[in-house]
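Q: Following is a predicted model, sequence given first.
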Amino acid sequence: MSLADTVMDTQVIPQFVLAGNEKKSFQLSITPQQTGELYMMGVAYSLGTTPPPNNQVLGSTDSNKENLANSPQLMRNIARKPSYASGISVRGKQDLDVQGPRLNSSKTEKASIVYGPDRRLDPIIAPPMPLLQVTFNKFPVSLLCGEVQVTTVEFTNIGKCSLHRLYVASKNPELFTFGLLHTQYTDHHIYRTLSKEEYDHNHTCSVSELSYVTEINLPDKELQPGASASLPLWIRGPETSGRHELNMLFYYEPVEENAIMRHRVLHHTVRIQTSNSISLKAVAKRGDGAMNILPQSSEANDTLLVSLEVENMNQVHDAAITEFSIEQVSCASKQWLLSHLTACHSSDIKINPREACHMCMKAQKCPSDKQGDIGEDVIFTNVVFNKESMIDSCSTPCSDFYFWSKGLPLSATMLSQARSSGSTPKDILTPDTETDTILSMEDTKSQLESAVDVGLTLIVLWKAFVVIDDGSCEVVSGQHHVAINVLEHQESSLPVAKSLEQEPPIKFIRQPDIVKEEGPSVQTLTQLVQYSMEFKEMNDHPFTKSRLCKLPVHLHLHNCSELSLEVVVNLLSSDSYDSHIVDTTGTEAASYYTTNLTVNSSDFSWISQTSFQVTLSPLEKHRIALIAAVCKAGLYNMSDINVSVVKPHIPESRGARRKGSQALDLDPVPQQESIQLIKQRQNGPFLVIVNDVSP
């Protein structure tokens, strides 16, 4: 054995025949026996000619043809293949000089023709490594939007050493999960069901850290050579119908450290076809607005009315999908608990194609003492329509896909890191005063927006009856999510297409810069204070004995924001009260509670103080005692009052002050700043009935 044979084993092809004008491809293999760097310089070969085949035997006669045919020497000559060894051969060598890619990064490289090195024939030989093989058992390629399927993935190590630290990376990790909560999968059902003893309990779940790279937990933390491990994989159909591509990149490392080759990767790509299923629309409103009598509990204002619309997006003529069945609606939030508004349903809700179902539920804020114990955990509450099977929404895969529906909080993480670090480029280039102004403006805005923040996500768990090709019916399961972030703002589960902004026309004359207000929206400013009235709805009074009936009324004010507010209450009608009130509610607030009842000034009047101004601390509740008087029996609406808030002062950024300073130079006369009042949205009609009980 030569020295070259101890370093590597090279393959030698003994011979092959290449006819004239013929092309053939061949493959050679090299098996290294030592670690190091290998350079493939060329291929050696020998060219030879082949003699013509011995089709005839010279000197043969008819008398001895029979003997020659049975001769062993002739049989060996016929069986022998033509070979260049029996002819003339010439040894040769073909150098392998592969041209690398052209360099085109710098200006010099673009001006000249320069090629970079090509290292494809210069591999680095590393020690033995593990080799992962991934096998998917019946991976679904056709799904409904939001449909969840479970399959088994088998990981096999066909290498010569053990592997560990197995990860999977993907550009769309929201479409699959191996189990963020490491739930033991022991059943063939997709979702884990709860027992009857666990029905009335709320379940909490820790917030999972999401990333494009997820670790796969092997049973023994590593995979030995020749060993296999099977794990469940849940796949969820994308929200939009059409063709989608799922890319997976598996990353793993050897157990023994290898300085030359530290890891290996394995790529996998699958295409998924999705069809329409259901769509969700949800809106949340404060629950006490429609009540004339405010409860005396401290948590009276911590109630929301949640309206949900579920629509079957399939066409009527589509015979593949018969109907959808809504089994359960779960709520995931850090502070809200979802429950039935009325009596519980005993059966699930059926929705046929192109039909929509409207349902209303109640959300109550978690008590402050329990909320402090939970901390950053997410509370899962369930509204079940079918008591026979209740799904555990806080376990895999329901909770996993919920966390993925929230998205990756990259921007928030980067913002927090930028605020925590003291040497950011913005802090270096801008003065500390401007940075403090920006932070104070953001803090003030967030304190005001806390009045309308909800932070609630609805998870709709459904089943669909699908007719497959052979005519049989198959039941599939899935889930959809809709996040409610702001009060009285309709949210949809369907992705909203961004409209293209039309470019303004080109102007050759420079226009003054228009400073856009960076404060909170109008919808936020009109819902800072919630107010309601407490009074007796039915009143009996003998008008023959006393012409005036006095009605005690208590006006309850609740500051829903985390900022101190100046509240102005005026009991006069909107027409007779003229002030700097900006009515930003428009007709939108009036559309919620429509009534044709108006207060007749001759029959109804407030006989107490008609104007109040109070200061409400953050989240403070205040009560004002009022007295109304009527001189005639009838039905009266006492909601024609004005509750306004002095517009909070929001610090301006330095850039806005610089742009505004140019306008101040043009007008040397200083303008006196007036107090601006923002009228709060009316919560509902407050109706009182006065009966005449005169004899």
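A: All right, it came through fine.

Q: contacts, neighbours, all on C-alpha from now
A: Will do.

Q: mind listing the helices for the stretch 301-450 of the chain?
A: 368-374, 398-405, 410-420, 425-429, 432-449 (DSSP state H, counting those that start in this stretch).

Q: Just give me the lowest mean pLDDT stretch among these.
A: The minimum mean pLDDT among the helices of the stretch 301-450 of the chain belongs to helix 425-429 (a mean of 36).

Q: For S275, give the beta-bridge partners.
A: Using DSSP bridges, the beta-bridge partners of S275 come out as L144.

Q: er, I326 I mean
A: Note on I326: beta-bridge partners I349, W462, judged by DSSP bridges.

Q: doesn't I349 make contact with it?
A: Yes. Judged on CA atoms under 8 Å, I326 makes contact with I349 at a distance of 5.1 Å.

Q: Overlap in contacts, these two.
A: Common contacts of I326 and I349 (CA atoms under 8 Å, 6 or more residues apart in numbering): F385.

Q: between the two, who's got more neighbours?
A: Set side by side, I326 and I349 show more neighbours around I326, with 22 against 15, by other CA atoms under 10 Å.

Q: who's in contact with that one?
A: For I326, the contact set (CA under 8 Å, 6+ apart) comprises 348-351, 385, 460-463.

Q: Flag the shaky bits of the stretch 251-400 of the chain, pLDDT-wise.
A: Counting by pLDDT under 70, the stretch 251-400 of the chain contains low-confidence residues at 288-301, 316-319, 344-346, 368-375.

Q: for it, what spans make up the strands?
A: Taking DSSP state E, counting those that start in this stretch to define them, one finds strands in the stretch 251-400 of the chain at 264-275, 278-286, 303-312, 321-333, 336-340, 349-351, 356-365, 378-384, 390-391.

Q: okay, those strands in TSV with distance to L180 next?
A: TSV is the format used below for those (distance: least, CA to CA, whole Å):
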stretch	distance to L180
strand 264-275	21
strand 278-286	26
strand 303-312	28
strand 321-333	16
strand 336-340	23
strand 349-351	30
strand 356-365	27
strand 378-384	14
strand 390-391	18
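
Q: Which one of those lies nearest to G407?
A: Closest to G407 of these, according to CA to CA: strand 321-333, at 14.7 Å.

Q: The closest one vs helix 398-405, what angle?
A: 80 degrees (axes from the mean of the first three to the mean of the last three CA atoms, to 10 degrees).

Q: all helices for the stretch 551-695 of the chain, in order.
A: In the stretch 551-695 of the chain, helices defined by DSSP H, counting those that start in this stretch lie at 654-666, listed in chain order.

Q: any low-confidence regions in it?
A: The model of the stretch 551-695 of the chain has pLDDT under 70 over residues 573-601, 651-674.

Q: And for the stretch 101-250 of the chain?
A: 181-188, 196-202, 208.

Q: Not counting sequence-adjacent ones, nearest residue to I321?
A: Nearest residue to I321, sequence neighbours excluded (CA to CA, 6 or more residues apart in numbering): V466, at 4.6 Å.

Q: is it true that T6 lies in a helix?
A: Yes. Assigned with DSSP: H, G, I helix; E, B strand; the rest coil, T6 falls within a helix.

Q: Read off the pLDDT value for the closest residue to it other than its chain neighbours.
A: Leaving aside its chain neighbours, T6 sits nearest to Q33 (6.6 Å; criterion: CA to CA, 6+ apart). The per-residue pLDDT reported for Q33 equals 86.

Q: tally of neighbours for Q33?
A: Neighbour count for Q33, taken as other CA under 10 Å: 14.

Q: How about the contacts made by the spatially most central residue of the chain?
A: Centroid check for the chain by CA atoms, centre = their mean gives S405 as the closest residue, at 2.6 Å. Counting by CA under 8 Å, 6+ apart, S405 touches 174, 481.

Q: one more time with 10 Å, if that's ok
A: Listed by CA atoms under 10 Å, 6 or more residues apart in numbering, the contact set of S405 reads 174-175, 399, 457, 480-483.

Q: among these, which ones are buried?
A: 174-175, 399, 457, 480-483 (16 or more other CA atoms under 10 Å).

Q: can you list these in TSV and add distance to A282 and secondary structure?
A: Shown next, in TSV, are those (distance: CA to CA, whole Å; DSSP: H, G, I helix; E, B strand; the rest coil):
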residue	distance to A282	secondary structure
E174	22	helix
L175	23	helix
S399	20	helix
T457	10	strand
H480	12	strand
H481	10	strand
V482	7	strand
A483	8	strand
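
Q: ok, of the residues you listed, which one's closest to F535?
A: When these are compared for distance to F535 (CA to CA), T457 wins out at 35.2 Å.

Q: any idea how far the closest one is from T135?
A: As judged by CA to CA, to the nearest Å, T457 and T135 stand 35 Å apart.

Q: Also N539?
A: 77 Å.

Q: And for S440?
A: Counting by CA to CA, the separation of S440 from T135 is 55 Å.

Q: ok, those two, which is more surrounded?
A: Between S440 and T135, counted using other CA under 10 Å, S440 has the larger neighbour count: 16 against 13.

Q: My guess is the more buried one contacts H649. True?
A: No. Look at S440 against H649 with CA atoms under 10 Å: they stay out of range, at 11.1 Å.

Q: and stretch 447-462, how far out from the chain's middle?
A: A distance of 15 Å separates the centroid of the chain from that of stretch 447-462, by CA atoms, centre = their mean, to the nearest Å.

Q: ditto for stretch 230-238
A: 17 Å.

Q: what does stretch 547-564 give?
A: Relative to its chain's centre, stretch 547-564 lies at 42 Å (CA atoms, centre = their mean).

Q: I appreciate the help and will end here.
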